[in-house]
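1. Build me a structure from this.
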Amino acid sequence: MTEADRFSPAPGELPPRRIAVLLIDDQPMVGEAVRRMLLSETDIDFHFCTIPEQAIATAREVHPTVILQDLVMPGVDGLDLVQYFRDEETTRNIPLLVLSSEENARVKAASFERGANDYLIKLPAREELIARIRYHSNGYIHWLERNDAFEAIVRTQEHLAAELAEAADYVQSLLPPPLSGPIATSWKFIPSTSLGGDGFGYHWLDDDHFAIYLLDVAGHGVGAALLSVSVLEELRSQNLPHTDFYNPADVLHQLNRSFQMREHNQKFFTIWYGIFNRRTRELTYATGGHPPAILLHGDTPADATRAELKAPGAMIGGLDNAEYTNAVITVKAWNCLYIFSDGTFEIILPDDSMWDFQTFLRVLTTPDTTGHYPDVDRIHAAIAAVKGDEAFDDDFSLLRIVFPPENAR
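-> Got it, this is the predicted structure:
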C-alpha cells in the first residue's frame, strides 16, 4: 500500500461513528431516566456528568455527538455553561440541547443566543428524545465525516504534489547542460502544476554529427514523466535496437515500434528529431505529430528568413505501421533554431481565450532594438506577461540552438 492509499481510504473503509450522548445534570434520577430511555438503542453510547464544573473536561474525554444540558444546576449558571461550550474549540460545533423545566420564551431565546441548537422541556417522551438525539447527532457526524474526507484529500494532494515535484526534479536532472560552442544551446523547462511528459536532449554522435530531440508525452503526472524519461534514455544511450541514429526517420520508426501505446498505459508522444552535419551544414529532421521547429537563418541577421521545419509523420505509439520521412535544410551562416512543445503556445489567457500559434511565432521572430532575436528567458517572460502568471497547465519546454557560422571545431 502506498502513502497515498493510506491517506485516501475508499468509501466505507472507515468504521461508522457511533452516536454518543453526554447528559449534564446534577440530578441522578434524571440521568437514570435518560439511560433507561436509551438502553435499547444499541448504536447509542450514553455518558452522564453530575458536576457541571467537569462538563467540558468530560466532553473532551468522551467526544459526544450531542450534549444534553440542564439549565438549572448548583454552582454554574446554565446559560454560561452553554457559552463555555461554544467558546471551547473542542466542543464548539457539537450540537447542544438545553433541558429546561419550563417553557419560557425569554430563556429559550437566551439559550439560542448563547449557541444552543435545541430547547427541550424535560423530560420529553422517549420517542421525541431519541428522534432529536439522532437528528442532531447525524448532522454532526456528517459534518465530521466531510471534514475527515476533506483533510484526507488535502493530505493526498500534498503527498502527490511532493511526488510530482520530486519527479519534476528528476526529469530536470536528466536534461543536458547548456553548451557554449561550437554549437551554442540554451533552454527553458518549467514543469506544469501537474507535471507533463516533456523531455529533450542533444549530444554529438561523432565529431561532425549533432543530434537534437524534443518530445512531449500526452497526459500529465508521474506516468507521463516516466515514459518521457524512458524515451530520453533510449535516445541518449543509443540503445534502441536496429536503429540508425544518423537517420531521424528511422529513429522515429523504431521508437514507434518500441513504444506502442497499448503497451504503455495508452500513452503516446510527439517528437521532433534532427541531425546537424557540421561539415555540410545540412540539418536532417523528422517529426512525429510534433509542432514544427522554427529556423531563422540567412547570410546576415538583416536578410534572415523563417523556415518551419516539419515533416510528415504521425504521433509515436498510435499506429503500428506509421511511416516517417526525412526532410533536409541547409543552415546558413547566421542562424537560430527554436524547438518547443505545445505547452509554450497553447496558453489560456485571462479572458479564457486561447493564444494562437501565429502570435507565438511573432514573439520568436521579432528582434529587439539591437537586432538580436529573443533568448529563452525573454520568450518565457513575454509569454508569462501575456498569461498573467508563471503557472502553466502544461510543461513549458523551449530549446534554442545556434549553429556555428562555418565548419568550426
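
2. burial measure for the closest residue to residue 26 other than its chain neighbours, as a count.
-> Nearest residue to residue 26, sequence neighbours excluded (Cβ to Cβ, 6 or more residues apart in numbering): residue 73, at 4.6 Å. Using the backbone N, CA and C atoms, a C-beta is placed for each residue, glycine as well. The tally of other residues near residue 73 (other Cβ atoms under 10 Å) stands at 19.

3. State the pLDDT value of residue 73.
-> Note for residue 73: predicted pLDDT of 87.

4. measure it to residue 55 for me?
-> Look at residue 73 and residue 55: by Cβ to Cβ, to the nearest Å, they are 9 Å apart.

5. Please apply the same query to residue 138.
-> If you go by Cβ to Cβ, the gap between residue 138 and residue 55 works out to 23 Å.

6. Looking at these two, which one has more neighbours?
-> Between residue 138 and residue 55, counted using other Cβ under 10 Å, residue 55 has the larger neighbour count: 22 against 15.

7. circling back: so the residue nearest to residue 26 bridges to which residues?
-> residue 76 (DSSP bridges).

8. Then residue 197?
-> residue 217.

9. Quick one: residues contacting it.
-> 215-220, 224-225, 227-228, 267, 269, 395 (Cβ atoms under 8 Å, 6 or more residues apart in numbering).

10. Same question for residue 326.
-> 247, 248, 249, 284, 285, 286, 311.

11. pLDDT wise, what is it at?
-> 97.

12. Show me where the protein has its helices.
-> Secondary structure of the chain (DSSP state H): helices located at 3-7, 28-38, 55-62, 78-87, 105-114, 126-174, 222-237, 248-258, 357-365, 376-387.

13. Buried deepest among the ones you listed, which one?
-> helix 248-258 (a mean of 23; mean count of other Cβ atoms under 10 Å).

14. Now do that helix: which elements does it pack against?
-> helix 222-237, strand 269-277, strand 282-288 (3 or more Cβ pairs under 8 Å, 6 or more residues apart in numbering; DSSP states H and E).

15. mind checking how far that helix is from the chain centre?
-> Averaging C-alpha positions (Cα atoms, centre = their mean, to the nearest Å) puts helix 248-258 32 Å from its chain's average.

16. what angle separates it from strand 269-277?
-> Between helix 248-258 and strand 269-277, the angle comes out at 150 degrees (axes from the mean of the first three to the mean of the last three Cα atoms, to 10 degrees).

17. how near is the residue nearest to residue 26 to residue 106?
-> 19 Å.

18. got it, and residue 155?
-> 47 Å.

19. So which of the helices of the chain is nearest residue 291?
-> helix 357-365 (7.6 Å; Cβ to Cβ).

20. Now tell me what touches that closest one from outside.
-> Against helix 357-365 from outside (Cβ under 8 Å, 6+ apart): 291, 294, 296, 306, 338, 344, 345, 373, 374, 379, 382, 383.

21. Ok, stretch 374-391 next?
-> In contact with stretch 374-391 (Cβ under 8 Å, 6+ apart) are residues 186-188, 190, 193, 344-345, 347-350, 355, 360, 363-364, 366-368, 396, 398-400.

22. could you redo the last one with a cut-off of 7 Å?
-> Residues outside stretch 374-391 that contact it (Cβ atoms under 7 Å, 6 or more residues apart in numbering): 186-188, 193, 344, 347, 349-350, 355, 363-364, 396, 398, 400.

23. And for stretch 106-115?
-> Applying Cβ under 7 Å, 6+ apart, the contact partners of stretch 106-115 are 71, 79, 82, 83, 86, 96, 98, 100, 119.

24. closest to residue 277 among those residues?
-> residue 86 (79.6 Å).

25. Let me see the contact set for that closest one.
-> Counting by Cβ under 7 Å, 6+ apart, residue 86 touches 92, 114, 115.

26. okay, those residues in a markdown table with distance to residue 328 and pLDDT next?
-> As requested, the contacts of residue 86 are exported to a markdown table (distance: Cβ to Cβ, whole Å; pLDDT from 0 to 100):
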| residue | distance to residue 328 | pLDDT |
| --- | --- | --- |
| 92 | 74 | 91 |
| 114 | 84 | 92 |
| 115 | 80 | 92 |
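
27. okay, the contacts of residue 326 in JSON lines with distance to residue 237 and pLDDT next?
-> Listed next are the contacts of residue 326 as JSON lines, based on distance: Cβ to Cβ, whole Å; pLDDT from 0 to 100:
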{"residue": "247", "distance to residue 237": "17", "pLDDT": "97"}
{"residue": "248", "distance to residue 237": "17", "pLDDT": "97"}
{"residue": "249", "distance to residue 237": "20", "pLDDT": "97"}
{"residue": "284", "distance to residue 237": "21", "pLDDT": "98"}
{"residue": "285", "distance to residue 237": "21", "pLDDT": "98"}
{"residue": "286", "distance to residue 237": "20", "pLDDT": "98"}
{"residue": "311", "distance to residue 237": "25", "pLDDT": "96"}
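
28. mind giving me CSV with the residues you listed and columns for distance to residue 317?
-> Shown next, in CSV, are the contacts of residue 326 (distance: Cβ to Cβ, whole Å):
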residue, distance to residue 317
247, 20
248, 17
249, 16
284, 23
285, 20
286, 15
311, 18
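
29. I only care about those that end up buried; give me the ChimeraX line for that.
-> Buried residues within those, by 16 or more other Cβ atoms under 10 Å, are selected in ChimeraX with:
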select :247,248,249,284,285,286,311
